[in-house]
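Enquirer: based on what follows, work out the 3D shape:
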Amino acid sequence: PGLGPAAAPLQWFYRDPSGQVQGPYSSAQMREWHDARYLPADLPIRESTQGSTDFWMLSELCAANGGSAPFALPAGQAPVLAP
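Expert: Next up is the predicted model:
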């Protein structure tokens, strides 16, 4: 038996202070920026695989992920928050 298709890598978007949507960016890029503390806790972000255009504060996604940034999770396993 073969393995199922690989999940698509997560792609991330954020809304900048002027309201413009930026992205997509890879999880690796977002993790690098997060580790360097370039991303504020109140940054609105979303990932591409949820099929939603809802943005969540980075701090909310971190809280839903047990306090860790969601960028290290495998594709399709980012925290899902209900609107």
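Enquirer: hey, let's count contacts and neighbours off CA atoms from now on
Expert: Will do.
Enquirer: does anything pack onto the helix or strand in which residue 12 is found? Which helices or strands?
Expert: Secondary structure assignment for residue 12, by DSSP states H and E: strand 11-15. The contact analysis (3 or more Cα pairs under 8 Å, 6 or more residues apart in numbering; DSSP states H and E) places strand 11-15 against strand 21-26, helix 27-35, strand 44-47.
Enquirer: send the alpha carbons of the shortest one over as CSV?
Expert: The C-alpha atoms that make up strand 44-47 are tabulated as CSV, following Å, rounded to 0.1, in the frame of the first residue of the first chain:
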residue,chain,number,x,y,z
PRO,A,44,-3.7,39.5,12.2
ILE,A,45,-2.7,36.3,10.4
ARG,A,46,-4.3,33.4,8.7
GLU,A,47,-3.1,30.2,6.9
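Enquirer: that one pairs with which strands, parallel or anti?
Expert: Strand 44-47 pairs in its sheet with strand 11-15 (antiparallel), strand 56-57 (antiparallel), by DSSP bridges.
Enquirer: re the thing from before, just the helices and strands packed on strand 11-15: most buried one?
Expert: strand 44-47 (a mean of 24; mean count of other Cα atoms under 10 Å).
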